[in-house]
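In: sequence first, predicted model second:
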Amino acid sequence: MSPILLPEVLPLLIGTGGFDHALIWTPPDFQPSERLPVAYMLDGQNVFLADEDVSERGWPGSWRGVQTASALAEQGKRLVLVAVPHGPNRIAEYTLQPDPEHGGGEGAATLARIIDLLKPLVDSRYGTRTDAAGTALIGSSLGGLLALYSGLGHPQTFGFLGVLSPSMWWSDRAVLKDVAAAFLRSEQHYAVSTGDREGQTAEGSAAQVAETRALHAALLQAGAQATISILPGRIHHESTWASHLLAVLDAFWTHANPHANGGEA
């Protein structure tokens, strides 16, 4: 079995505001000439946490990104992970429009920093694929919404979007209206998921599942590829996203390599 490698810190030396560094994981014996697909992951401070660094309550918890990506690499499914920590105001940074109660609405600037500042650095240093099919953005909760909106607004950059436990309630459920009004590329893939116990009440959990199903249907209606996973017994927590990450990254790798293993484009 290949060694489990720790991520590398890539400081961002240009620009101010929001996140100021990223954490990069590459598979064993990595060479930039491989031109590997790359997945950008929001809430990056939680992606690579070691088990001993997770608090007793499990919050915020780890996505166990190193272990998961290493397991895929053992199967020959090699990719690069870029974990993007949020800055000092997560709510503002991860939302495209303000919510009457919670404010926010600076998400466009966050996406611009990823696309215009971080991505060119990663592409040049690690030789990662620059095509949309080989580039993913994955997030959970408000990060899941930001990932979704990155697909709506930047289809030429992101061909695979991991929309995990999206905060459907944000800004009076504006996301459903926005997706319904969109015309999406058929080659884009949205991997949507939620636990079936994510609400604070049974009614809240049922609403989250129903609204996430409605989002999935709207994405299909808008013309994109979309899958949905309802995760039994799972709550709104990093442990849920960690448990589902292998399936999401596997789906991304398959999307980025449609001809592998006899697959079709």
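Out: The structure has been received and is ready for your questions.
In: so residue 216 sits in a strand?
Out: No. Residue 216 sits outside any strand when classified using DSSP: H, G, I helix; E, B strand; the rest coil, being helix.
In: that one touches residue 229, doesn't it?
Out: No. Using Cβ atoms under 8 Å, residue 216 makes no contact with residue 229, being 9.6 Å away. All C-beta spots, glycine's among them, are computed from the backbone N, C-alpha and C.
In: between the two, which contacts overlap?
Out: residue 192 (Cβ atoms under 8 Å, 6 or more residues apart in numbering).
In: neighbour-wise, which of the two wins?
Out: Between residue 216 and residue 229, counted using other Cβ atoms under 10 Å, the more crowded position is residue 216 (22 against 17).
In: could you point out which residue ranges in the stretch 1-150 of the chain have low pLDDT?
Out: When residues are selected by pLDDT under 70, those of the stretch 1-150 of the chain lie in 1-6, 11-18, 51-60.
In: again, only this time at 80
Out: Residue ranges of the stretch 1-150 of the chain with pLDDT under 80: 1-20, 50-60.
In: strands of that one, residue ranges please.
Out: 8-11, 21-25, 38-42, 80-84, 135-140 (DSSP state E, counting those that start in this stretch).
In: neighbouring strands for the second one, and are they parallel or not?
Out: Each strand that strand 21-25 pairs with, and the sense of that pairing, follows from DSSP bridges: strand 8-11 (antiparallel), strand 80-84 (antiparallel).
In: of these, which is nearest residue 156?
Out: strand 80-84 (18.3 Å; Cβ to Cβ).
In: off-centre distance for the closest one?
Out: Computed by Cα atoms, centre = their mean, to the nearest Å, the separation of strand 80-84 from the middle of its chain amounts to 10 Å.
In: now do stretch 214-229
Out: 16 Å.
In: what about it, start to end distance?
Out: Distance across stretch 214-229, first residue to last, is 13 Å (Cα to Cα, to the nearest Å).
In: the strand or helix carrying residue 152 to strand 135-140, inter-axis angle?
Out: For residue 152, the host element (DSSP states H and E) is helix 142-153. Helix 142-153 runs at 150 degrees relative to strand 135-140, counting by axes from the mean of the first three to the mean of the last three Cα atoms, to 10 degrees.
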